[in-house]
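J.: I'll drop the sequence and a predicted model, then ask my questions.
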Amino acid sequence: MMRRITDEEIDFFHANGYVICRSVFHADEMTNVREETTRLIDEILTGGPAKDWSVEGPEGVPFELEYLHMHPNTFSMRLLAHPFIGDLLTRIVGPDFIPSYETLVFKLKNNGSSVPWHRDSMVTNDDDPLFQIDIYPDKSTIENSCVWVIPKSHRWEKDEAIEWMEREKKEWRARGKTDFGVPGAIPSEVEPGDVMLHNSKVIHGSPENKSGKQRRVVYFDNRSVSLNEKYEWWPHELMEKRCLLYQAALHERRTNPYPSDDECFDYSLPDGLPAWAPGAPVDLHCSRD
């Protein structure tokens, strides 16, 4: 059986706003992810089609590729369909989960962009299960600018969080944008194949990468149909498109498995959402705009 998130890891995540799950993805899959993301990053740096969908950081250096699935590759849909992801989303978000968007974030070696202290989202005041799944194909350490996290900061009130972030960003810039070791901050050092979950409201960030070692991470954001109806983030039609995309991803992994695969996620289609048939078209962009 492939790796599952444990109850202890889920409890730690809820209490601290983040958790690192070790040894989730196998080496054959991570090798493919590294090869394909290297190609996409080179495409960005040489002005290819992916360049128009990349985002630059504070230093003017590219560090993010949006709408990852729409850029031709052999890994992102299969990565999304991994049983670990489907299982944890069912147990944390609920059976009506919908993978909502995906990005590739990368720290170039010697000149990797910083990411100042931030929250990914403050869209709700409730304790809703909004979080990112962070999949690491590379080793990430203090040396090559791993993410730093402020545990339990997902519980802070909005004004408290904003005040803290603004103060610490000023201090960080005054220190030359190198030191994230503020009191209470934890470096999330990981190995290839590890996964980190981080709550959208937990405060986190990372310094510039001045080392000779690149690092990459694939982020999957996930919402539920019920929460989308409650908060009206996106039209229902987008959730339908995303549901079809996820079913196509499951089919892609089932029909094009890695040698290490020994099972597929058994997905139950949420009520009222459309079923996808193999061969039917899929919108890999699914624009949120």
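T.: That came in fine, so what should we check first? Computed from a predicted model, the values in this text were never measured in an experiment.

J.: tell me how many other residues crowd Pro187.
T.: 16 (other C-beta atoms under 10 Å). Bear in mind the C-beta positions are built from the backbone N, C-alpha and C, glycine included.

J.: what's opposite it in the beta bridge?
T.: Beta bridges link Pro187 to Trp148, judged by DSSP bridges.

J.: Ala161 versus that one, what's the distance?
T.: 20 Å (C-beta to C-beta, to the nearest Å).

J.: before we move on, what about Pro151?
T.: Pro151 is 13 Å from Ala161, by C-beta to C-beta.

J.: between those two, which one's more packed in?
T.: Neighbour totals were compared for Pro151 and Ala161, and Ala161 leads with 21 against 16 (other C-beta under 10 Å).

J.: check contacts around the more buried one.
T.: Shown in contact with Ala161 (C-beta atoms under 8 Å, 6 or more residues apart in numbering): Arg119, Met122, Ser153, Lys201, Ile203.

J.: wouldn't the first one be in contact with Trp164 here?
T.: No: with contacts defined as C-beta atoms under 8 Å, Arg119 does not count as touching Trp164, sitting 10.3 Å away.

J.: residue boundaries of the strands in this structure?
T.: Using DSSP state E, the strands of the chain run over residues 18-21, 54-56, 62-66, 97-107, 115-118, 131-135, 148-149, 186-187, 195-199, 204-206, 215-224.

J.: now render those as a markdown table, adding mean pLDDT and distance to Ala27.
T.: Formatted as a markdown table, these follow (pLDDT from 0 to 100; distance: least, C-beta to C-beta, whole Å):
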| stretch | mean pLDDT | distance to Ala27 |
| --- | --- | --- |
| strand 18-21 | 98 | 16 |
| strand 54-56 | 97 | 28 |
| strand 62-66 | 98 | 24 |
| strand 97-107 | 97 | 20 |
| strand 115-118 | 93 | 28 |
| strand 131-135 | 97 | 14 |
| strand 148-149 | 96 | 26 |
| strand 186-187 | 96 | 24 |
| strand 195-199 | 98 | 15 |
| strand 204-206 | 95 | 25 |
| strand 215-224 | 97 | 16 |
